[in-house]
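A.B. asks: This is a predicted model, with the sequence first.
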Number of protein chains: 2
Amino acid sequence: MMDQPAAPRSAVYDDAGVASVSERPGFQALLANLKQTFALRAGPGRPLTDFGHFASVLDLGQPLALAISTDGIGTKAIVAQLVDRYDTVGIDCVAMNANDVICVGAEPIAMTDYLAVDVASDRLLEEIGKGLLAGARQANIAIPGGEISQIGEIIRSERKGFGFDLVGTCVGVVEREAVLNGAAIVEGDLIVGLGSSGIHSNGLSLARQVLFQQAGFKPDQYIEEFQQTVGEELLTPTAIYVQPVVQMLNERLPLKSLAHVTGDGLLNLARVASASGFVIELLPEPPAIFSLIEERGQIASEEMYRVFNMGIGFSVVVSPDGADRVKEIAEGHGFRAWTLGHCVEDTQKRVWLNPQGLVGKDGKFTAG
Amino acid sequence: MMDQPAAPRSAVYDDAGVASVSERPGFQALLANLKQTFALRAGPGRPLTDFGHFASVLDLGQPLALAISTDGIGTKAIVAQLVDRYDTVGIDCVAMNANDVICVGAEPIAMTDYLAVDVASDRLLEEIGKGLLAGARQANIAIPGGEISQIGEIIRSERKGFGFDLVGTCVGVVEREAVLNGAAIVEGDLIVGLGSSGIHSNGLSLARQVLFQQAGFKPDQYIEEFQQTVGEELLTPTAIYVQPVVQMLNERLPLKSLAHVTGDGLLNLARVASASGFVIELLPEPPAIFSLIEERGQIASEEMYRVFNMGIGFSVVVSPDGADRVKEIAEGHGFRAWTLGHCVEDTQKRVWLNPQGLVGKDGKFTAG
């Protein structure tokens, strides 16, 4: 999958259980089936977006359109069991979904949750509720309903009695004419990055494999640089970017595209409806968790920047005249913010990480 | 949990892994947390319904409100693996959600899906796509996006390489003034039942325990009465009631409440916002699958009617003058339909199954 480095490093991540599903023929067949459903709605429900953007947008036959996104916390549920603490993963669940919904320019309004459990432990349920509430407060959304499914035959546990999977579906509203998809990007637009809170909810399989299997750390091992244990560091909740981004939208800043930096890292910038490339000239120093993983796993930077957010959890593409205000708003909400680079015309939608000498396209980075 | 019969029979169901979560203190704590999110939205996103109805309804600040429901197919995923066939469970996934959304009087418009897999087998992905498309066609909805999560550490498999969990979130639109919740039910309103296609997606844990563990059937054993194998019978997709119900709504029939008959069987009738009781005077002969389970498992009728749909997959409460048209429309869409009984005033919201001599309230039936 990568030109450099040697195959085994790439295989580490594949072995961690999260090899790319999107390249499988079965996945393409699934998409081909679902694509046929787009024609089933002529009025309300007609999809205004194709697959592959952060959230889908549906026509409602009125000025407001509906944004919708479904995502889970993945193996962060395993980390929660290792630390035996469940009151933060609800924040991740809100974050993974609400951060996707804002990417189309929508204001998140509500989320339903799906919690599948091995057994319905009281402490698990209560703590997950606390996290969902904390996340809902940060994202300013209601959680009007959801589903708890007790399916011990389907859900494995890392800690007996506490196995679970946690998924959300977030909806938001956006004026039909104001849907953001990057179509309006022009050469010279600036890329502003917003700081992450740590590893967020992506790359945890690789992180656990490196830190616990290869390096032999214990989840409860205190790390001076983190000022907390390895497990707690990995469990740090995903930042929720709703409040600053909704403010940017409400102030009608000249935003061009918004990207939640999840799996595939800054390659997420390329999920735009225009022939744009992204030249990154500044990369902030990655938080200590990433340096530790890179060093202990001997992971190449190509892989680190593909799998992890490396300190940037969200990015905003904006006309140069709006960049200062974007940063001001982000900082006003407690986020670090950097002008990372600028946009160019590029039919291949490449992402250049100049400080690292990398260039990314089609889901991977290589030495540029 | 039940007065009659003796505890062991009830324990059968509890042991089958689906003991009621809703009675746990942790569940109540979870709800108490989520309930606090209702106040977070004053404008669009404000919940217009409380927990416990079939779908939630959200104010959008315009005439159309949004209905939303999240549900999964539960252990029907295990049945699919036993039969090694995955092209029908997508229909169940659409059914479980779209049938809930219509209960508030909404027209379903779209669903997102969440598919968690042990490993991403091509055949599994492709077949699930086929079922989702078939379900979407029946429900007339788009599936504009979704999520596939490859989490082998979380998902168990019954058949190696084919372990999965399948969940949907369906949204629909309803005029804010036309939300159905049973508040308008008056004494004398009629209850019309629509036929099920079989076991649907509820009670499969008990069904499998009785048929495979206790009675020793093999999934591929042919049963004359079913004209197919036990496994195929259990895998029969859940009926989707969207088309007839949307027609009833569009014809402005005097509907009072709609109930998707899922776990808790006809006790679902009682999920109404009025002090109404439901007197059932006619129960159709249950399909053969239920007789077989009842007989081989020696399951009491209290339990059978609580766990299974017993042949009635959906019910419609309607003014007497609308009942004939309700049945006509249902039959026009290929569903059997019966006038099952009528409504009475009852602050305890009881459900009387007169042909069985049972009375139900608070989630259980007892000899009446």
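C.D. replies: Yep, it's here. Numbering: from 1, shown residues only, chains lettered A, B, ... in the order given.
A.B. asks: Could you give the number of residues near the residue lying closest to A:Gly313 once chain neighbours are set aside?
C.D. replies: The shortest distance from A:Gly313 to any residue that is not its chain neighbour, by Cβ to Cβ, 6 or more residues apart in numbering or on different chains, is 3.2 Å, and that residue is A:Ser196. Heads up, the C-betas are built off the backbone N, CA and C, glycines and all. As a burial measure, A:Ser196 scores 26 neighbours (other Cβ atoms under 10 Å in any protein chain shown).
A.B. asks: how near is the residue nearest in space to the middle of chain A to B:Ile155?
C.D. replies: What sits nearest the mean C-alpha location of chain A, by Cα atoms, centre = their mean, is A:Thr262, with 3.0 Å. Shown here: A:Thr262 relative to B:Ile155, a distance of 20 Å by Cβ to Cβ, to the nearest Å.
A.B. asks: so A:Glu127 makes contact with A:Arg85?
C.D. replies: Yes - proximity of A:Glu127 to A:Arg85 meets the contact threshold set by Cβ atoms under 8 Å, at 7.2 Å.
A.B. asks: Give me the distance between A:Ala65 and A:Val245.
C.D. replies: For A:Ala65, the distance to A:Val245 - Cβ to Cβ - is 17 Å.
A.B. asks: scratch that, A:Arg208
C.D. replies: Between A:Arg208 and A:Val245 the computed distance is 30 Å (Cβ to Cβ).
A.B. asks: The two: who's more crowded?
C.D. replies: It is A:Val245, of A:Arg208 and A:Val245, that has more neighbours when counted by other Cβ under 10 Å, with 29 against 24.
A.B. asks: how about the closest residue to A:Val307 other than its chain neighbours, what does it touch?
C.D. replies: Using Cβ to Cβ, 6+ apart and skipping the chain neighbours, the partner closest in space to A:Val307 is A:Gly203 (4.3 Å). Counting by Cβ atoms under 8 Å, 6 or more residues apart in numbering or on different chains, A:Gly203 makes contact with A:263, A:307-308.
A.B. asks: Tell me which other helices or strands the top helix by length along chain A touches.
C.D. replies: Counting residues, the longest helix in chain A under DSSP state H turns out to be helix A:122-139. Using 3 or more Cβ pairs under 8 Å, 6 or more residues apart in numbering or on different chains; DSSP states H and E as the contact criterion, the secondary-structure elements in contact with helix A:122-139 are helix A:89-102, strand A:107-117, strand A:164-175, helix A:242-250, helix B:25-35.
A.B. asks: which one of these lies closest to A:Val326?
C.D. replies: Nearest to A:Val326, of all the helices and strands packed on helix A:122-139, is helix A:242-250, at 6.0 Å by Cβ to Cβ.
A.B. asks: Which positions within the closest one qualify as buried?
C.D. replies: Neighbour-count burial for helix A:242-250, counted by 16 or more other Cβ atoms under 10 Å in any protein chain shown, picks out A:242-249.
A.B. asks: quick one on the thing from earlier: more neighbours: A:Glu127 and A:Arg85, which one.
C.D. replies: Set A:Glu127 next to A:Arg85 and count neighbours by other Cβ under 10 Å: A:Glu127 wins out with 24 against 16.
A.B. asks: give me every residue that touches the more buried one.
C.D. replies: Neighbouring residues of A:Glu127 by Cβ under 8 Å, 6+ apart: A:85-87.
A.B. asks: one more time with 10 Å, if that's ok
C.D. replies: For A:Glu127, the set of contacting residues under the criterion of Cβ atoms under 10 Å, 6 or more residues apart in numbering or on different chains consists of A:80, A:84-90, A:121, A:162, B:26, B:29-30, B:33.
A.B. asks: Just the buried ones from these?
C.D. replies: Looking at those with 16+ other Cβ under 10 Å, the buried ones turn out to be A:80, A:85-90, A:121, A:162, B:26, B:29-30, B:33.
A.B. asks: For the residues you listed, name the two members farthest from one another.
C.D. replies: Comparing every pair within these by Cβ to Cβ identifies A:Phe162 and B:Asn33 as the most remote, at 18.0 Å.
A.B. asks: re earlier: any chance of the contacts of A:Gly203 in CSV with pLDDT as columns?
C.D. replies: As requested, the contacts of A:Gly203 are arranged in CSV below (pLDDT from 0 to 100):
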residue, pLDDT
A:Gly263, 89
A:Val307, 96
A:Phe308, 97
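A.B. asks: Among the residues you listed, which one has the most neighbours?
C.D. replies: For those, neighbours were counted using other Cβ under 10 Å, and A:Phe308 has the most, 28 neighbours in all.
A.B. asks: Let's see which of the contacts of A:Gly203 end up in helices.
C.D. replies: Within the contacts of A:Gly203, membership in helices is found for A:Val307, as judged by DSSP H.
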